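> I would like to see how this sequence folds:
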Amino acid sequence: MTNVKERRKNVYELVQERLDFIFREFDNIYISFSGGKDSGVLFNLCIDYIRRHNLHRSIGVFYMDYEIQYRMTVDYVERTFKNNCDFIEIYHVCVPFRVTTCTSMYQNYWRPWDENKKTMWVRPMPSNALTADDFPFYDSRMWDYDFQTEFSRWIHSRKKAVRTCCLVGLRTQESYNRWRSIYRGVKEKYKDCEWSTRVDEGIYNFYPLYDWKTTDIWVANGKFRWDYNRLYDLYYQAGVSLDRQRVASPFISEAMESLSLYRAIDPDMWGRMIGRVNGVNFSGLYGNTHAMGRQKILLPAGYTWKSFMEFLLSTLPERTRQRYLGKLATSIRFWREKGGVLGEEVIRKLKERHVTIQVGGNTNYRTVKKPVRMEYLDDIDIAEFKEIPTYKRMCICILRNDHACKYMGFSLTKEETDRKRKALEYYGKAFKERNS
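Below you'll find the predicted structure:
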């Protein structure tokens, strides 16, 4: 008898299986909703699933309102909440946590809904919003990503849940950092489920759209006639490519190239935001030019990239300069002592250019790439330039006001990680004592 090869399942069929699994396993489920295309599709998938299976349960919707958003995004969020109120519990959060900004060399963060700047808010706070007073764990030193983690603990305790699932519309196609969130293999999973991450005891993040492509998102919206953020239509008409159409905080590094679109798409909002956050107007004008590390970066005559980096550092405020120098020292030490993982093709190119390197055999990451130890270079002319430690790469971070040096692949340093861990332990303990 001839074996018939089993038909390969498409991403929609796979996500239905994942939702089956999640709704069976977890008594408390909520979606991290941003008003963007990915979280919008994930939201609609969940609502459709509940309707089709006639489930007598609701799900939470966690929306972090960053104050400064396109009017179309605000409208879409309000529309989504109103049209699905029978199936959802809304957590509309308006809290002045710290949010990264790359518009200024003086500030590495700003605060939405800052009470001290209430007269400068770009729009009134929504009447149904949850504020800092609603969250006993809130602390003014918190970053937005810290708040997300603590919110998951708060809602888990509030619901007296056995297991809590936070659904996140993360797709690995979007960026290398998102790919690492799924595949780097250093975090605990739920029942060895590859597309999950443990947050705390009984609390997990799940990424059911992790293998979807951008085209899958738009095919789903079209096929099922789902509502979506109409801002994407204007992005498309403005010539913004599909893979760069994002609804995020407008001041992060990834948004600098399209920040100026606010002037054309939402001029009223633009007029308010330039007085709200330092450096917005300059970034809107030059965010897509070599003046802020975009397009082709030009080296001034008479400089090496190292000496140009030293010049750029000399123009910065002392606190900002020391932050960059700390990142640079950490990176130099990392490449000398541990080494970054590089592919065979990149290693070959380095050897061809007579770069002194030491290639190791094993790495803790789940990858076929090999750890390579080397000294910092001034520059290197290869397509994989971004992967190699160079002073030019550091210059790009400074020009972009990339205070965290994400362009160089930085995540939190050990010191920052320890500080974050201690803060979470302290406030977690205080929260438990308060509710005991």
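> what is the burial count for the closest residue to Cys395 other than its chain neighbours?
With CB to CB, 6 or more residues apart in numbering as the criterion, Cys395 has its nearest non-adjacent residue at 5.0 Å, and that residue is Met309. (C-beta placed from N, C-alpha, C; glycine too.) By the criterion of other CB atoms under 10 Å, Met309 has 23 neighbours.
> which other helices and strands contact the strand or helix carrying Met309?
Using DSSP states H and E, Met309 sits within helix 305-314. When contacts are defined as 3 or more CB pairs under 8 Å, 6 or more residues apart in numbering; DSSP states H and E, helix 305-314 sits against helix 318-337, helix 391-399.
> in stretch 8-17, what counts as buried?
Residues of stretch 8-17 classed as buried: Val11, Val15, Gln16 (neighbour count, 16 or more other CB atoms under 10 Å).
> between the residues you listed, which is nearest Met142?
Val15 (32.2 Å; CB to CB).
> what sits against that closest one?
With contacts defined as CB atoms under 8 Å, 6 or more residues apart in numbering, Val15 is in contact with Leu45, Pro208, Leu209, Trp212.
> quick check: the farthest pair among those residues?
Leu45 and Trp212 (10.3 Å).
> helices of the stretch 51-200 of the chain, start to end?
Assigned by DSSP state H, counting those that start in this stretch, the helices in the stretch 51-200 of the chain fall at 71-83, 144-158, 176-183.
> got the contact list for Arg336?
By CB under 8 Å, 6+ apart, the neighbours of Arg336 are Arg373, Met374, Glu375.
> ok, Ile347 next?
Ile347 touches Ile357, Val359, Lys370, Val372, counting by CB under 8 Å, 6+ apart.
> for the host helix or strand of it, what is the average pLDDT?
Using DSSP H and E, Ile347 sits within helix 344-352. If you average the pLDDT over helix 344-352, you get 92.
> other SSEs contacting the helix or strand following it?
The first helix or strand that comes after helix 344-352 along the chain, using DSSP H and E, is strand 357-359. On a contact count with 3+ CB pairs under 8 Å, 6+ apart, strand 357-359 meets helix 344-352, strand 370-374.
> how far off centre is the first one?
Using CA atoms, centre = their mean, to the nearest Å, the mean C-alpha position of helix 344-352 is found 31 Å from that of the whole chain.
> for it, buried residues please.
Val346, Ile347, Lys349, Leu350.
> determine which two of those residues are furthest apart.
It's Ile347 and Lys349 that sit farthest apart of those, by CB to CB, at 7.4 Å.
> list the contacts of the residue nearest to Cys395.
Listed by CB under 8 Å, 6+ apart, the contact partners of Met309 are Tyr391, Met394, Cys395, Ile398.
> what ranges do the strands span in the protein?
28-33, 59-64, 88-93, 99-100, 109-110, 164-168, 196-200, 203-206, 340-342, 357-359, 370-374 (DSSP state E).
> and the last one, which strands flank it?
Taking DSSP bridges as the criterion, strand 370-374 forms sheet pairs with strand 340-342 (antiparallel), strand 357-359 (antiparallel).
> just the mean pLDDT for it, thanks.
For strand 370-374, the per-residue pLDDT averages 91.
> hang on, the earlier thing: of all the contacts of Met309, which comes closest to Phe334?
Met394 (13.4 Å).
> the nearest residue to the closest one once chain neighbours are set aside and Leu350: what is the separation?
Excluding the flanking residues, the one nearest Met394 by CB to CB, 6+ apart is Met309, at 5.2 Å. Taking CB to CB, to the nearest Å as the measure, Met309 falls 21 Å from Leu350.
> quick one, domains of this structure?
11-215, 305-399 (automatic domain parsing).
> looking at the ones you listed, which is closest to Trp270?
domain 11-215 (9.7 Å).
> read off the pLDDT value for Arg7.
72.
> ok, the buried residues of stretch 8-17 vs Trp335, which is closest?
Val11 (37.8 Å).
> ok, that closest one - contacts?
Leu209, Asp211, Trp212, Lys213, Asp216.
> make a markdown table out of the residues you listed and add distance to Ala129 and pLDDT.
Shown next, in a markdown table, are those (distance: CB to CB, whole Å; pLDDT from 0 to 100):
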| residue | distance to Ala129 | pLDDT |
| --- | --- | --- |
| Leu209 | 27 | 95 |
| Asp211 | 34 | 90 |
| Trp212 | 31 | 94 |
| Lys213 | 34 | 92 |
| Asp216 | 33 | 95 |
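> among these, which pair sits farthest apart?
Leu209 and Lys213 (9.9 Å).
> joint contacts of those two?
Residues touching both Leu209 and Lys213 by CB under 8 Å, 6+ apart: Val11, Arg171.
> what number of residues lie near the nearest residue to Ile332 once chain neighbours are set aside?
Excluding the flanking residues, the one nearest Ile332 by CB to CB, 6+ apart is Tyr376, at 5.7 Å. By other CB under 10 Å, 17 other residues sit near Tyr376.
> from Asp233, how far off is Tyr376?
45 Å.
> repeat for Pro96
Pro96 is 32 Å from Asp233, by CB to CB.
> mind checking which of these two has more residues around it?
Neighbour totals were compared for Pro96 and Asp233, and Pro96 leads with 19 against 12 (other CB under 10 Å).
> save the helices and strands packed on helix 305-314 as a markdown table, and put in distance to Ile50 and mean pLDDT too.
Rendered in a markdown table, the data for the helices and strands packed on helix 305-314 read as follows (distance: least, CB to CB, whole Å; pLDDT from 0 to 100):
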| stretch | distance to Ile50 | mean pLDDT |
| --- | --- | --- |
| helix 318-337 | 45 | 90 |
| helix 391-399 | 45 | 86 |
